[in-house]
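# Provide a 3D model corresponding to the input given below.
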Amino acid sequence: MNASHYRISIVSAAVIGLAIVPPPGATGSYGSAHAEVSRAETDEVIAAVDFIVKYNFPFARMQADENGNLDEARAALESFRSEAEAKLTPTIIANANDSSERRLVSLKARANRFAETYDRSLADADLDSVKQYGSSRPIFIKYMSFVVAREKLALLRKIYGDTPEIAAATATSNRAFAVLGDFAAVEGQAADVRAAYLAETRLPAATRTDAALGRQFASAFENSVYNTGNGGGAKVTRVNLTSSGWSVERNEITGVILLRYQYAALALKDPDGRCYVDIARFEQKHQSGGSYGGTYYRSGSRREGLCENL
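Numbering: from 1, shown residues only. Model (predicted):
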């Protein structure tokens, strides 16, 4: 690589605000031949870029917090940013943009593909629904996924500057977040969104009445491992039967009856005073002679609501 190439590199770096580190063996004003980036230096660049692109935000832990802990989300993001920026030394950035090393060229292409994917995901997103609250806590699944991707894009931009792919994704991201809002805006809306979600929750209507079966289902739920083994101990305050009767499940090959099942909507109250609707499935195992065993709670889908509405 000749001196002219280095002068061009310096100008390019100035445009994107990067510091150029003289390559090994260079002297004065880059008058000597440039030594290729070593394998160890290449590995360091790859590790730094991989740390950014492959970072996994701790969604699962935060989903356990039904109030949407944006303070924890902010702290996790700031920690990621700080650790990533510490890795992006001037030497790492300069080496990352060296086109003489095949692996580094491939790495830059991967960064551009990330930008393209983020751009497409924003273009396809229904931004108005991103901050809606639901049982899967989409305020983290949706909103935070875009926030994390935006952070990764900004870090890649520090390394590679405004490639066409990164520039396009940055512009799309800026337009999207003008709609989505920042952390402060989401925090301010979170309480109202959650309150509206809770107020909408209702217990599905019953299709028939059977007081004895309702008590049986309530007991099956309260004594289930799901309830007692989940630190719960919720009490059933109401049972609405939503199936017209028992349905039979058979072995797909032999046709032998395995069990029968029904669905019911349960109104629950936890020891902490919060209330839920659980769309529950109850089953009975088939016994010999056409009889069935005891009723047990098989599964359910829970949603929180206001106690007075359930």
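
# mind listing what Tyr55 touches?
Residues in contact with Tyr55 (Cβ atoms under 8 Å, 6 or more residues apart in numbering) are Phe80, Ala84, Val148, Lys152. Using the backbone N, CA and C atoms, a C-beta is placed for each residue, glycine as well.

# Low-confidence ranges, the chain, go.
For the chain, the stretches with pLDDT under 70 are 1-35, 60-70, 130-141, 185-191, 193, 230-232.

# all strands for it, in order.
For the chain, the strands defined by DSSP state E cover 235-241, 247-250, 257-269, 275-286, 292-305.

# Looking at those strands, spot the one closest to Val45.
Counting by Cβ to Cβ, Val45 lies closest to strand 292-305 out of these; the figure is 46.8 Å.

# Note down every partner strand of that closest one and its orientation.
Taking DSSP bridges as the criterion, strand 292-305 forms sheet pairs with strand 275-286 (antiparallel).

# The partner strand to strand 235-241, inter-axis angle?
Counting by axes from the mean of the first three to the mean of the last three Cα atoms, to 10 degrees, strand 275-286 lies at 60 degrees to strand 235-241.

# and the angle from strand 275-286 to strand 257-269?
Angle, strand 275-286 to strand 257-269, by the same axes, to 10 degrees: 160 degrees.

# follow-up on the earlier one: among the contacts of Tyr55, which are in helices?
Members of the contacts of Tyr55 lying in helices (criterion: DSSP state H): Phe80, Ala84, Val148, Lys152.

# Next, format these as CSV and append distance to Gly289 and neighbour count.
Below are the ones in helices among the contacts of Tyr55 laid out as CSV (distance: Cβ to Cβ, whole Å; neighbours: other Cβ atoms under 10 Å):
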residue, distance to Gly289, neighbour count
Phe80, 62, 20
Ala84, 67, 21
Val148, 58, 18
Lys152, 63, 22
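
# Show me which of the residues you listed is closest to Asp272.
Distances from Asp272 to those, taken as Cβ to Cβ, are shortest for Val148 (31.2 Å).
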